[in-house]
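Asks: can you look at this prediction? I've put the sequence above it.
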Amino acid sequence: MSRALEDVIVLDLTRQFCSALSSAFLADFGARVIRLDLLPFAAPPQTETPPGWNHEADLIHRNKESLALEPRSERGQALLRELLAKADVIVTDWQRDELAALGLDYAKVAAQRGDIIYGRLSGFGPVGPDADLPAIDELAAARTGMMPILQQPGQPPVYTGAGAMHAAVMLAFGVVTALTHRLDSGEGQEVDVSLFGANMYGAALDLQAFLAIGKGERLLNPISRLDVSNPMSGAMYPSADGRWVTLTMPDTDRWWPVFSAMMGIASDDPRFDTHDKRTEINRLALIQELERAFQKQSGAYWRQAFMDNQMSADVIEQFDYPANDPQVKANRYILELEHPSHGKIKTLGFPIFMSASPARLEKLAPALGQHSAQVLSEVLGYSEDAIYQLTSAGVVA
Amino acid sequence: MAKKALDGIRVIDLTVWFQGPVSAQYLADFGADVIKVERPQGGDQGRGVRSIKSLEVGDWNQYFLVINRNKKSIAIDLKKPEGQEILYRLVEKSDVFLSNLAPEMLNGWGLSYEKLSSINPSLIYATNTGYGRFGGVSKPSFDMTVQALTGAMARLGEPGQPPIYLGMGSGDAYGGIMSALGILLALYQRKRTGQGQSLDASLYGAQLYLAAPYLQSFLAGHPEAALQHSRKEVENPLWNLYPTAGKWVYLCEKNEDVRFAALCRALKADDLGKDSRFATAEGRRRHNEALIEVIEAHTLKFDHGSLMAALQAEDLIASPINNLADVIKDEQAWQNRYFMKAYCEEVQREVEVRGLPVTLSKTPGEINSLGPQLGQDTEILMMELLGYEWEEIEALKAKGAIP
């Protein structure tokens, strides 16, 4: 079966979770992703690695190959140039001065390969006074304005980690957009996705509202869950067994007859018989009524009631719910596999379904240098002898 | 006009609210010709959004206008067979069909993948569902209810506190970019092979991916990844948020002796540097709660400006935890076009909008216009793109297929 990116070769120079995951994305959809593991390897970290399955590596490096290469020698440099000549894409999260030191900055690479797509995760974007700040998601999140409004009043700001995951998918999007452009024009380019920009995008609606309205403490400080703007949308209530229930029914007119009955409120209760009364005039009274009503039954009871009425409302779950949800399995959002070393495992699957060229899991994360010989022979056409020479000289391992 | 990455790609955008429209917005930003198809009465429900968190959206409906920028609007009543015919002719001329309406609704209107791909075999047919194409769950879905299921909300916040919603529409935003990526993957393949296909990027699938670092850890048998964790108990106290007399500050340093020594100097905290419990990385990890308490006692003596200055003097990496009022003035954001200005017809002036989070050096995205008026391009598209005669348009109006 054909794959969307099966003609694409990617060189992966990443260290961070999200950028490594970004190129795993390209690999899931058929790209040949070659991780450059640079020699000499750093000494193993002092802290002991936890025993068992390295689940993180198996997620972020799945479907990739590893080429271990010494890049500083003359022969190592020559090999790098040969690889560049065959590659379509570079994905990296390195700082610019590090890349320049190896001759892998965009200017140098583009001089050799005008059609290369050079995708880089940065901390704060390609230009501006903070362009060379390190790519640390917490720093970027701290600057987006969202951290002080997520928590309840009186609680510390909340770091979600979502910005880095936005960056992962955006970088893949940028690279494929540039590849699409290259098909027609033959032209390569630089793609930059920053943790700052990605975090801002995760806050899109709040940020845009603040830009347009430009006023209001309401968007600067935490809002109590007992002070939501629409008691039936974006609201959370505790149930009898301490589980949390959430509602998203912005169009309250549509749901009120069924919902009010479920809550034990008369549907023609004059306090709540119009949308404006429910969301503006008597908003607080409705919140209090709902708070009382939800506490009368368990989370399981409410889940069933929401399901029976096909309501956009649910119980807030922990990860054990999706991990065992047949819906998740049916859509391959979580995969169950037989791992050669660790038996039956579950790993994150594929968030995009494609009918003709679905994502696939062909290879677990490679050991360092696992595919060195294979890449040299298949991609660069080296003979066994030539590979042996490079290996003995310590240029590859 | 500068060339754009997706010049020549035509997208039929039959979406409402946020996730679907923003997916198409990405394609429009990078040059695709996006035609938004709306019902004649009221159009996309997003046109009706009046307030965000109890604040009026402003004198212009930024909710709708920003996520539908760079698009055209055609109004068609798809419940009528004549309306469906217009859409079929649009499908012949297009590369991508995108919808986040319920699949049963699309099937009922004769807009299934089977039907549309029989009209245009190379069509890319993209859906955004709530819970995925398979498995049978099809109840209405919104960002927050899907976030509730994924487990992502339950792990955020201090222990004992309510779960945390990741931010307004942030899961929708994630579903939107995931869908745009899926469409691009399919387009890339089609340009090489001519082959169309159907694809789906659901809210549920996208948000599970959004939870990847923690969810994968849970799947590997670390149940604590699903629990709330207190900032007072983080393993590395040098990577943590600390209060000051003003804003909170996020300190991001490795647990190394030299960095700890620098922190002690910055905080002028001799007691900390001399405390034998904190002398090694292992000690700082083991006595994390005590150390966090002492650091916090020191940071509270500063306001955030002077703390940042003290940290910077020692080359320590940190940032104040800014609010929205700060970020809209952040020069870094403007220089990288994460914020931009665009002309707004509705209020006849330039307004400030969310810009382009993906930077392409040679074919950058652009904002040419904000969201269209409902059905503003109906007649011109029908005549110029689809080849209808004026008499036919009049007849379709009489039948109510178009307004």
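Replies: The structure has been received and is ready for your questions.
Asks: shaky segments in chain B?
Replies: Within chain B, the stretches with pLDDT under 70 are B:1-2.
Asks: mind redoing it with 90?
Replies: Applying pLDDT under 90 to chain B picks out residues B:1-3, B:48-59, B:136-141, B:167-168, B:270-271.
Asks: tell me the centre residue of the chain?
Replies: Assuming you mean chain A. A:Met165 (2.6 Å; CA atoms, centre = their mean).
Asks: the chain in question should be chain B.
Replies: B:Ala173 (2.1 Å).
Asks: do the host helix or strand of that one and chain A meet at all?
Replies: Element membership for B:Ala173, per DSSP states H and E: helix B:170-193. Yes - counting by CB under 8 Å from any CB of the partner chain, chain A is contacted by helix B:170-193 at B:170, B:173-174, B:177-182, B:184-189, B:191-193. For the C-beta atoms, the positions are set from N, CA and C on the backbone; glycine is no exception.
Asks: let's verify the closest residue to A:His371 other than its chain neighbours: helix, strand, or coil?
Replies: Counting by CB to CB, 6 or more residues apart in numbering or on different chains, A:His371 lies nearest to A:Glu65, which is 3.6 Å off, once chain neighbours are set aside. At A:Glu65 the chain is in strand, as set by DSSP: H, G, I helix; E, B strand; the rest coil.
Asks: returning to that earlier point: derive a ChimeraX selection command for the buried subset of the residues of helix B:170-193 next to chain A.
Replies: A single ChimeraX command selects the buried members of these (16 or more other CB atoms under 10 Å in any protein chain shown):
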select /B:170,173,174,177,178,179,180,181,182,184,185,186,187,188,189,191
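Asks: count the neighbours of residue 81 for me.
Replies: In the absence of a named chain, this looks at chain A. A:Arg81 has 14 neighbours, counted by other CB atoms under 10 Å in any protein chain shown.
Asks: wrong one, chain B
Replies: Neighbours of B:Pro81 using other CB under 10 Å come to 11.
Asks: which residues does it contact?
Replies: B:Gly110 (CB atoms under 8 Å, 6 or more residues apart in numbering or on different chains).
Asks: try it again at 6 Å.
Replies: B:Pro81 is in contact with no residue at all, counting by CB atoms under 6 Å, 6 or more residues apart in numbering or on different chains.
Asks: where does the residue of chain A most remote from its centre land in three-state SS?
Replies: For chain A, the C-alpha farthest from the mean C-alpha position belongs to A:Pro270; by CA atoms, centre = their mean, that distance is 46.6 Å. In three-state terms, and counting by three-state DSSP, A:Pro270 is coil.
Asks: can you give me the strands for the stretch 301-403 of chain B?
Replies: B:318-320, B:339-344, B:349-354, B:358-360 (DSSP state E, counting those that start in this stretch).
Asks: among those, show me which one is buried the most.
Replies: strand B:358-360 (a mean of 25; mean count of other CB atoms under 10 Å in any protein chain shown).
Asks: quick revisit: need the strands of the stretch 301-403 of chain B in JSON lines (columns: distance to B:Val49).
Replies: Shown next, in JSON lines, are the strands of the stretch 301-403 of chain B (distance: least, CB to CB, whole Å):
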{"stretch": "strand B:318-320", "distance to B:Val49": "32"}
{"stretch": "strand B:339-344", "distance to B:Val49": "16"}
{"stretch": "strand B:349-354", "distance to B:Val49": "15"}
{"stretch": "strand B:358-360", "distance to B:Val49": "25"}
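Asks: ok, which of these comes nearest B:Met383?
Replies: strand B:339-344 (26.5 Å; CB to CB).
Asks: ok, residues contacting the closest one?
Replies: With CB under 6 Å, 6+ apart, strand B:339-344 has contacts from B:Trp60, B:Ala333, B:Glu350, B:Val351, B:Glu352, B:Val353, B:Gly355, B:Ile367, B:Leu370.
Asks: for beta bridges, what are the partners of the fourth one?
Replies: With DSSP bridges applied, the residues forming beta bridges to B:Val351 are B:Ala342.
Asks: how much space between it and B:Ser51?
Replies: From B:Val351 across to B:Ser51, the span is 18 Å (CB to CB, to the nearest Å).
Asks: could you do the first one as well?
Replies: If you measure B:Trp60 against B:Ser51 using CB to CB, the figure is 13 Å.
Asks: neighbour count for those two, which is higher?
Replies: B:Trp60 (19 against 16).
Asks: who's in contact with the helix holding B:Ala173?
Replies: Contacts of helix B:170-193 (CB under 6 Å, 6+ apart): A:4, A:29, A:169-170, A:172-173, A:176-177, A:179-180, A:183, A:202, A:204, A:351-352, A:357, B:18-19, B:22-23, B:26, B:96, B:124, B:126, B:128, B:143, B:147, B:196-197, B:199, B:201, B:203, B:206-207, B:210.
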